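Asks: Output the structure for:
(2 chains)
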Amino acid sequence: MTQMNMVEALNSALHEEMARDSAVVVLGEDVGVDGGVFRVTDRLIERFGPDRVLDTPLSESGFVGLAAGMALYGLRPVVELQFDGFVPPAFDQVFSHISRMRNRSQGRYSMPLVIRFPYGGGVRALEHHAESIETLFVHTPGLKVVVPATPGDAKGLLSSAIRDPDPVIFIEPKRLYRAAKEEVPDGPYTEPLGKARVARQGDDVTLVGWGAMVPRMLRAAELVAAKGTSVEVIDLRTLKPYDEASVHASVERTGRAVVVQEAPRTLGLASELSARISEKLMASLEAPVVRLTGFDVPFPYYKMEAWAMPDVDRIIKAMRTVLTW
Amino acid sequence: MIADEYDPLKGGMFQVLDKDGNLVGDDPGLDVELLKDMYWWMLYTRMADEKALKLQRQGRMGTYAPSRGQEAAQVGSAIAMRKEDWAFPAFRELGMYMLRGMTLEHNLLYFMGDVRGNLVPEGVNNLPIYVPVGTQIPQAVGAAHAMRLLHRDTVVVTYFGDGATSTGDFHEGLNLAGVLKAPVVLVCQNNQWAISVPRARQTASRTIAQKAVAYGFPGVQVDGNDVLAMYLATREAIERARSGGGPTLIEAYTYRLLMHTTADDPKRYRTEAELQEWEARDPLKRYRAYLERRGIWTDGWQLELEARATAMVNEAIARAESVAPPAPEDLFAHMYAEMPDELREQLEQLKRSLDGKEVEDDADRIQGGFP
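Replies: Numbers count the residues shown, from 1 in each chain, chains lettered A, B, ... in the order given. Okay, the predicted model is just below:
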C-alpha cells in the first residue's frame, strides 16, 4: 500500500495495466512528454515508448475515432480528453459508433476502449473547463460510465474499465485530483464496475451522489449526525449500469432519499434516479425523492462558481426537506 | 501581389524586416503615423501582458494565456482592418483585442473569472474569446458569407493557432470559405507549440499556409514577428476579400515566448536553446531598430509611451478590480431574451439558500487547483 492522491492512483493504474497487457495504449493531447496537463499519464512515455503513448494532434473527433479503430483491431486504447469542455467534438464518434458497434455488427465487432476526461467545477478554471456532462453518456445506450470519488476507487475502477470488454467513459472529478490521499494497493488492483459503495452507514435518510459531491455529502452527514440524524451516503461510482440493488436496499430501509448532482438540473442523472426509486419503492417512501442539483445555466466563470454547485449547506437543507415532509 | 510571389508550394516566407530590423527589400513607404501606432500597440500589449501575468502570480487573476512574442502578428494584422469589419478571436490575441476597442479592463475581468469581461462595447465588431479550439472558424466564415449575401463591403478576420489546424472545424471552415468565396481572412498564429506538442507533430505539411491550396484559395506564410510584413499581407488579403476575391489564409510564423497558460511549464517540453533563438527574433526589438534607423524612435518617445502604457494598465486593473461583485441574478441573466418561469424559480431557490445560509464548510473550499 502507498499513500496516493487521485492523480497518482490513476497514474498507477495506467502503469500497471500497460505493464500487464501490451495491447493497452494511451493517446491524447499532451499525454506523452508533458505527462498530461494534470500529470495523470506522467512517465508513461519514458517507460513504454512513443508507440504506446501517443501525443496526438489537436483533434478530439479524429483521435477518438482513431482509438475506435485501434480497439476494433484488438488494441486496448485509453484515450485522454483534456477537459470536459473539449469533449463535444468527439461525441459524434462515441454516439454514432463506439456505443453501438457491438450492436450494429451483431456481436462481430466491439470497441473496448476507455475515454477518460476530468470534469466539474470548483477549481477556478477558465470557461469550458468545468462542465459536468456525464448525463450525455449515461443517456447514450451501449456505454458504461464510471466516476470515482476516492484514490483507491480511481485506481481499481480504471483498471477494471481498461479490462472491460465494452467501451467505458471514465470521468474524473478534477476538484478531487489532489484533494486527499489514502492508502492504495500497489500492483494490479481492480474494483468491480456496476457496484455502488456505501461511503457511510445510516438509518434516517439516504444521500446518493458521485464524484466531487461525495466529500460534501459525507461532511453534511457528519454535521447532522451531531444533531442526531443518521445519514447513509452512497457513492454511486458506476453511473451506468445503475446499481439498483444497493441504492434501493438503502432507500427501502431509510424511506427517504436525496440525490445530489453537480450537473444542471433538467434531465440530469438525479432525475433518472428519482424516477427509478419512485417507481420501485413507492410503498417504502416517507417523502418524495429530492434532487439537489446545479442550475440550468452554463457552468459560470469562477467568481460565481460556488453558487452553481450544491454545497454542504444546501445538502443539509435538502435532507431536512425529506426528513420533515 | 504578395500571395502570388510567396506561393506556399514554392516556399519562402514574406518578410519586410529581418530579425535585426533591416529592410529585406524596398521600404514599403507607410505613413509615419501608422508606423508609430503599430509600435504603440505592440508596446502597450507587451506591457499589459507582463502585468496580467503578475496579477495571475499574485492570485489576483485566474489562469491566463500570455501573448509575449506574438505582438507583431496580432497588431500588424488587426491594424489593417476597418472598424466596421468583424474579428473572431481565439484566446491569445490581446493586441488585436485592445486595438479593436475591447479594452484591457474587459480582458482582465474575463481572466478574473467574470463573464462581464465578455461584454463587447457598442460599435465594436468583435466576438468574445473562443476557448474551444478552432470552433470560431466556421462561424467567421458564416458571418463573412452573410456580409456577401447582404451586399455589405465589410470583411471578417479570424484568429487561431497552429493546434487549431488539426481540428475538423478548421478544415470544414476553410472548405466552406473556398466554396462560398467568403470575404474572410484566416490568420493562423503559428507559434510552434500547442501546449507541449510541436508544430512538426501537429501536421506533416511543410507549412500551414499550403493548406489553403487544397481548399482553392491563396495562402501565404508571413514572418509573424515582422509587424510590417503582417500588415502588408493582411491589408492585401482584406482588399482581396472586400473586392470579391474570396478568402486568404495567412500563416503568421511566430513563437510563444512564455507558457501556453499560467497552468503549464514549458521547461518540461522545450529547450532553452530554442527559446534563446526566438528571443533574438523578438518582434518589438526588431521593429524598434527599424524605427530608430528611420529617426522615428527615440529614448524620449519610448519613455513617453511607457508612461502612458503604465498609466493605462494601472487604470484598467483598478477598474477591473473595483467592479461590483456579481449578484445571484447575474448567474441567470441573458439565458434567453425573456427568462422562463422555471429559471426564475431556480433563481429564487438560489437567493433563498444564500439568504438563509447556515453552514460555511471547509468541504466547500477550493481544492486541488488548476490544472
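
Asks: could I get stretch B:350-366 in PDB with only the CA atoms?
Replies: Output of stretch B:350-366 as PDB, limited to C-alpha atoms (Å, rounded to 0.1, in the frame of the first residue of the first chain):
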ATOM      1  CA  LEU B 350     -30.500  30.200  -5.000                       C
ATOM      2  CA  LYS B 351     -31.400  33.500  -3.400                       C
ATOM      3  CA  ARG B 352     -33.300  31.700  -0.600                       C
ATOM      4  CA  SER B 353     -30.400  29.400   0.100                       C
ATOM      5  CA  LEU B 354     -27.900  32.200   0.200                       C
ATOM      6  CA  ASP B 355     -30.000  34.400   2.400                       C
ATOM      7  CA  GLY B 356     -30.600  31.500   4.900                       C
ATOM      8  CA  LYS B 357     -27.100  30.100   4.700                       C
ATOM      9  CA  GLU B 358     -26.300  28.200   7.900                       C
ATOM     10  CA  VAL B 359     -23.200  26.300   7.200                       C
ATOM     11  CA  GLU B 360     -19.900  27.600   5.600                       C
ATOM     12  CA  ASP B 361     -17.800  24.500   5.400                       C
ATOM     13  CA  ASP B 362     -14.200  23.500   4.600                       C
ATOM     14  CA  ALA B 363     -15.500  20.900   2.200                       C
ATOM     15  CA  ASP B 364     -16.800  23.700   0.000                       C
ATOM     16  CA  ARG B 365     -13.500  25.400  -0.200                       C
ATOM     17  CA  ILE B 366     -11.500  25.400  -3.400                       C
END
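
Asks: That one - what's its average pLDDT?
Replies: Taken as a whole, stretch B:350-366 has a mean pLDDT of 81.

Asks: Identify all contacting residues around it.
Replies: Contact with stretch B:350-366 is made by A:122-124, A:215-216, A:218-219, A:223, A:295, A:306-307, A:311-314, A:316-317, B:328, B:331, as judged by CB atoms under 8 Å, 6 or more residues apart in numbering or on different chains. C-beta coordinates here come from the backbone N, C-alpha and C atoms, glycine included.

Asks: just how off-centre is it within its chain?
Replies: 38 Å (CA atoms, centre = their mean, to the nearest Å).

Asks: hmm, back to that, so of the contacts of stretch B:350-366, which ones are in helices?
Replies: Per DSSP state H, helices hold the following members of the contacts of stretch B:350-366: A:215-216, A:218-219, A:223, A:306-307, A:312-314, A:316-317, B:328, B:331.

Asks: Can you select the buried ones from those in PyMOL?
Replies: The buried subset of the ones in helices among the contacts of stretch B:350-366, as determined by 16 or more other CB atoms under 10 Å in any protein chain shown, is captured in PyMOL by this line:
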select buried, (chain A and resi 215+216+218+219+223+307+312+313+314+316+317) or (chain B and resi 328+331)
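
Asks: With respect to residue B:5, which of the ones in helices among the contacts of stretch B:350-366 is nearest?
Replies: The closest of the ones in helices among the contacts of stretch B:350-366 to residue B:5 turns out to be residue B:331 (CB to CB; 53.6 Å).

Asks: From what I see, that closest one and residue B:347 are in contact.
Replies: Yes - if you go by CB atoms under 8 Å, residue B:331 and residue B:347 touch, sitting 7.4 Å apart.

Asks: Against residue A:218, how distant is residue A:235?
Replies: 9 Å (CB to CB, to the nearest Å).

Asks: Name the residues contacting each of the two.
Replies: Both residue A:235 and residue A:218 are contacted by residue A:199, under the criterion CB under 8 Å, 6+ apart.

Asks: Extract the residue ranges of chain B that are flagged as low pLDDT.
Replies: Across chain B, the ranges flagged by pLDDT under 70 are B:362-371.

Asks: What residues does the residue nearest the centre of it make contact with?
Replies: The structure's chain B has its C-alpha centroid closest to residue B:93; by CA atoms, centre = their mean the separation is 1.7 Å. Neighbouring residues of residue B:93 by CB under 8 Å, 6+ apart: B:67, B:74, B:78, B:159, B:189.

Asks: out of the ones in helices among the contacts of stretch B:350-366, which one sits closest to residue A:46?
Replies: Nearest to residue A:46 among the ones in helices among the contacts of stretch B:350-366 is residue A:215, at 33.1 Å by CB to CB.

Asks: ok, of the ones in helices among the contacts of stretch B:350-366, which one's closest to residue B:165?
Replies: Residue B:165 has its nearest neighbour among those in residue B:331, at 36.0 Å by CB to CB.

Asks: How about that closest one, nearest residue that isn't a chain neighbour?
Replies: Sequence neighbours aside, residue A:304 is the residue nearest to residue B:331 in space, at 5.3 Å (criterion: CB to CB, 6 or more residues apart in numbering or on different chains).

Asks: Burial check on that neighbour, number of neighbours?
Replies: For residue A:304, the count of nearby residues is 20 (other CB atoms under 10 Å in any protein chain shown).

Asks: got a pLDDT number for it?
Replies: 96.

Asks: tell me the contacts of it?
Replies: Applying CB under 8 Å, 6+ apart, we find residue A:304 in contact with B:113, B:115, B:326, B:330-331.

Asks: can you rerun that using 7 Å?
Replies: Shown in contact with residue A:304 (CB atoms under 7 Å, 6 or more residues apart in numbering or on different chains): B:326, B:330-331.

Asks: With residue B:157 instead?
Replies: For residue B:157, the contact set (CB under 7 Å, 6+ apart) comprises B:77, B:81, B:85, B:87, B:185, B:187.

Asks: quick one, strands of chain A?
Replies: Secondary structure of chain A (DSSP state E): strands located at A:2-4, A:24-28, A:53-55, A:76-80, A:114-119, A:144-146, A:168-173, A:182-184, A:197-200, A:205-209, A:231-235, A:238-240, A:257-260, A:290-292.

Asks: Other residues contacting the fifth one?
Replies: Read it as strand A:114-119. A:38, A:64, A:78-81, A:83-84, A:87, A:94, A:131-134, A:161-162, A:168-174.

Asks: Pull up the per-residue confidence for the residue nearest to residue A:325 when sequence neighbours are not counted.
Replies: Nearest residue to residue A:325, sequence neighbours excluded (CB to CB, 6+ apart): residue A:287, at 3.4 Å. If you check residue A:287, the pLDDT there is 98.

Asks: any idea how far residue A:287 is from chain B?
Replies: Using CB to the nearest CB, to the nearest Å, residue A:287 is found at 18 Å from chain B.

Asks: Is that residue in contact with residue A:256, as I believe?
Replies: Yes - using CB atoms under 7 Å, residue A:287 is in contact with residue A:256, at 5.2 Å.

Asks: more neighbours, those two?
Replies: Set residue A:287 next to residue A:256 and count neighbours by other CB under 10 Å: residue A:256 wins out with 24 against 15.

Asks: so how far is whichever strand or helix holds residue B:110 off the chain centroid?
Replies: Using DSSP states H and E, residue B:110 sits in helix B:104-111. Offset of helix B:104-111 from its chain centre (CA atoms, centre = their mean): 14 Å.

Asks: Stretch B:78-89 too?
Replies: On CA atoms, centre = their mean, the centre of stretch B:78-89 falls 12 Å from the chain's centre.

Asks: can you check stretch A:225-236 too?
Replies: 22 Å.

Asks: Can you tell me what sits against it?
Replies: A:149, A:196-210, A:214, A:217-218, A:221, A:224, A:246-247, A:250, A:254, A:319, A:323.

Asks: repeat that for 8 Å
Replies: Stretch A:225-236 is contacted from outside by A:147, A:149-150, A:153, A:196-210, A:214, A:217-218, A:220-221, A:224, A:242-243, A:246-247, A:250, A:253-254, A:319, A:323, using CB under 8 Å, 6+ apart.

Asks: Sounds good, over and out.
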